[in-house]
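Undergrad: kindly return the folded structure for what I paste below:
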Amino acid sequence: MNTAQLRRVTAESFAHYRPGLIELLLEAVGQGWSLGFRADLDAAQARDYFDQVLSDIQQGSLLLWVVVRDEQVQASVQLELCQQPDAGHRAQVQKMLVRRQAQRHGLGQQLMTALEQGARLHQRGLLTLDAQVGAPAEAFYRALGYTRVGEIPDYTCGPNGDYHSTALYFKTLHGAST
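TA: All right, here's what the predicted structure looks like:
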């Protein structure tokens with residue numbers, strides 16, 4: 001098996017990764033991950049979502065990375081670059097996804113390292129994110145130096161309609177020009 005390769009997805013390369021990104025999203029929602037989609041998410045809806053992702057990449061408001069093995073998408077993460085005039089120093093980590101069989105192999109950490117480097121290149125020194133309270137993602141982000149600042153009860157609705165509290169996190173990147 002080939003080793004996993006980290007890649008930044010551009011508007012030009014997006015079409016190559018799109019089918020794998022759709023599969024990854026459908027798998028994650030099917031596993032019950034709270035990602036802003038309902039359990040009845042289908043391929044057409046996932047394609048529509050990724051049409052918007054592509055548009056955001058083209059506009060320069062979103063960065064996307066994938067990890068591939070044998071050209072199959074194993075993991076991905078997005079960084080939304082805040083566009084408000086008073087928020088050019090911050091960005092939001094979104095949709096960290098890792099295929100079930102690829103979990104616990106360092107892909108998430110690899111993606112987050114690239115994401116933080118990308119944030120620095122775009123002069124974003126403050127990163128924010130949210131995670132479902134009690135989910136393994138909380139320990140993952142804390143291990144990467146993110147600070148939990150609180151939680152909002154019943155903030156997200158999972159794919160099956162159940163509400164979950166969301167924990168809010170931030171990380172200040174030293175050495176980023178802000």
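
Undergrad: C-alpha only now, for contacts and for neighbours.
TA: Fine.

Undergrad: state the distance from residue 101 to residue 118.
TA: According to CA to CA, to the nearest Å, residue 101 and residue 118 sit 27 Å apart.

Undergrad: over to residue 7?
TA: According to CA to CA, residue 7 and residue 118 sit 12 Å apart.

Undergrad: now do residue 59
TA: In terms of CA to CA, residue 59 sits 16 Å off from residue 118.

Undergrad: let me know the secondary structure of the nearest residue to residue 78 once chain neighbours are set aside.
TA: Ranked by CA to CA, 6 or more residues apart in numbering and with sequence neighbours excluded, the top spatial neighbour of residue 78 is residue 64, at 4.6 Å. For residue 64, the assignment made with DSSP: H, G, I helix; E, B strand; the rest coil gives strand.

Undergrad: show me the contacts for residue 64.
TA: 8, 9, 10, 57, 76, 77, 78, 79 (CA atoms under 8 Å, 6 or more residues apart in numbering).

Undergrad: also residue 154?
TA: 163, 164, 165, 166.

Undergrad: any idea of the pLDDT on it?
TA: We have a pLDDT of 94 for residue 154.

Undergrad: in this structure, which spans are strands?
TA: 5-9, 62-69, 72-81, 90-98, 126-132, 147-157, 163-172 (DSSP state E).

Undergrad: and the third one, what does it pack onto?
TA: Put plainly, it is strand 72-81. With contacts defined as 3 or more CA pairs under 8 Å, 6 or more residues apart in numbering; DSSP states H and E, the packing partners of strand 72-81 are helix 14-30, strand 62-69, strand 90-98, helix 107-121.

Undergrad: for residue 131, find the nearest of these.
TA: Residue 131 lies closest to strand 90-98 among these, at 9.6 Å (CA to CA).

Undergrad: now the closest one: how far from the chain's centre is it?
TA: 3 Å (CA atoms, centre = their mean, to the nearest Å).

Undergrad: okay, now the sheet partners of it, with direction.
TA: Sheet pairing here is set by DSSP bridges, and for strand 90-98 it gives strand 72-81 (antiparallel), strand 126-132 (parallel).

Undergrad: switch the helices and strands packed on strand 72-81 over to TSV; also include mean pLDDT and distance to residue 174.
TA: Below are the helices and strands packed on strand 72-81 laid out as TSV (pLDDT from 0 to 100; distance: least, CA to CA, whole Å):
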stretch	mean pLDDT	distance to residue 174
helix 14-30	96	30
strand 62-69	97	20
strand 90-98	96	13
helix 107-121	97	9
